[in-house]
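Engineer: Give me coordinates for this.
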Amino acid sequence: MSETLTARRTAALARPRLWVRAAAGAVLLALPFYLDRFWLQAGLFAIAAAIGAIGINLLTGATGQLSMGHAFFLAVGAYGYCAFAGDGSDGLTGLGLPGWLAAVLAVALAGLAGGVFSPIAGRLRGAYLGIATLALIFIGQHVLFNAHDLTGGYNGRAVPPLSLFGLTFDDSELLVAQVPFGSAEKLWYLGLALLLAGALFARGVLRGRPGRAMNAIRDHRIAAGVMGIPVARYRAAVFVLSSMYAGLAGVVLALVFQRTVPEYFGMMLSLEYLAMIVIGGLGSVAGAVVGGVFVSLLPQVLNRYSDVLPLVSAPGTGGIAPGEAARYLYGAAVVAVVLFLPGGLVRPAARRTRSTSGGER
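Structural biologist: Numbering: from 1, shown residues only. Here you go, the predicted model:
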């Protein structure tokens, strides 16, 4: 009898959350009909950041492996897509493959790059792995700036539009309910679908046997090995998976930017991804999404409203540039989270949910 009552109460508690999620999903689907291009692009940057943050959260948050080279794998995904999809008409290397196939191969290429590095990732941990992955940033920057035939050098290269099921994600207008859809509107739904698929897959990994093994490795490596968990193999596999998430984020970023620029994929980008997972919550898919949205949107919002915000102004006008101000703010957010919310921004909400469920019992 008590089990039946508990099940009913749990279902009653889950029903409002289901309605909230359905309403949030409906709002997200309706946004392209009401928002202008700036906010849609800002949202797409946040979606790409959330995808990449999920990947590094699997590695750092769930498995305890510090990586400073996440930006390298984003660059592999972005430039890999350009090389696979480009037709060579711009004088740069291009295989002329269909866009959807180029995107899949770019993600696979990022995973392959992670696989090449995975033997090192499987044997190193902590700061040692962080220093080793830092070398990837320097190697990547050297290649991006100097392999001109492949990357376009300092000027970067244009990104071919993606075509899928006869729909081309470019600026050619498509009328939907009398609303003109350009590249941002079209990419919005693709980005949401990719983020949802990536989040559900990562959630399944964390809630299953691999997730328990990853947490055991993070909490006590030696004890995990004694229990029969192949520690080095799991570390290497998670590193490859994290690299593929970064490659997918790089493809989305390239499609939104419509041009790849080497300077973007530097050390600062890797530090931003670490800030995302710390602010949102280590080891949590929802935390990765929240942190990715926060860190990605903050500089864009500051740039948008720099003329009305105190101390924030355009570069060279005497105030703090929006990008610099954003780094100060989310740096302060990292310190505040570490001191007062060790579990990240999503942990209080999860704690309230658990306490509510316990109180109903």
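Engineer: Show me where the chain dips below the pLDDT cut-off.
Structural biologist: Scanning the chain for pLDDT under 70 picks out the ranges 1-15, 314-319, 348-361.
Engineer: Quick one: the helices in it, in order.
Structural biologist: In the chain, the segments counted as helices under DSSP state H are 2-30, 37-56, 70-85, 99-123, 126-146, 148-151, 183-207, 209-219, 221-226, 231-257, 267-280, 285-304, 322-340, 347-360.
Engineer: closest one to residue 160 among those?
Structural biologist: Checking the helices of the chain against residue 160 by C-beta to C-beta gives helix 70-85 as the closest, at 4.1 Å. Any C-beta I mention is one placed from the backbone N, CA and C, and that applies to glycine too.
Engineer: Kindly calculate the angle that that closest one makes with helix 126-146.
Structural biologist: Interaxial angle of helix 70-85 relative to helix 126-146 (axes from the mean of the first three to the mean of the last three C-alpha atoms, to 10 degrees): 40 degrees.
Engineer: helices and strands around helix 70-85, which ones?
Structural biologist: helix 37-56, helix 99-123, helix 126-146, helix 148-151, strand 157-158, helix 231-257, strand 259-260, helix 267-280 (3 or more C-beta pairs under 8 Å, 6 or more residues apart in numbering; DSSP states H and E).
Engineer: Using a markdown table, lay out those together with mean neighbour count and distance to residue 207.
Structural biologist: Below are those laid out as a markdown table (neighbours: other C-beta atoms under 10 Å; distance: least, C-beta to C-beta, whole Å):
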| stretch | mean neighbour count | distance to residue 207 |
| --- | --- | --- |
| helix 37-56 | 24 | 14 |
| helix 99-123 | 20 | 22 |
| helix 126-146 | 17 | 25 |
| helix 148-151 | 17 | 39 |
| strand 157-158 | 21 | 40 |
| helix 231-257 | 25 | 15 |
| strand 259-260 | 18 | 35 |
| helix 267-280 | 23 | 18 |
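Engineer: and of these, who's closest to residue 90?
Structural biologist: Closest of the helices and strands packed on helix 70-85 to residue 90 is strand 157-158, at 6.3 Å (criterion: C-beta to C-beta).
Engineer: Which stretch among the helices and strands packed on helix 70-85 approaches residue 338 most closely?
Structural biologist: helix 267-280 (7.0 Å).
Engineer: I'd like to know which elements the closest one is packed against.
Structural biologist: helix 37-56, helix 70-85, helix 126-146, helix 285-304, helix 322-340.
Engineer: and of those, who's closest to residue 223?
Structural biologist: Across the helices and strands packed on helix 267-280, closest to residue 223 is helix 126-146 (C-beta to C-beta), at 16.8 Å.
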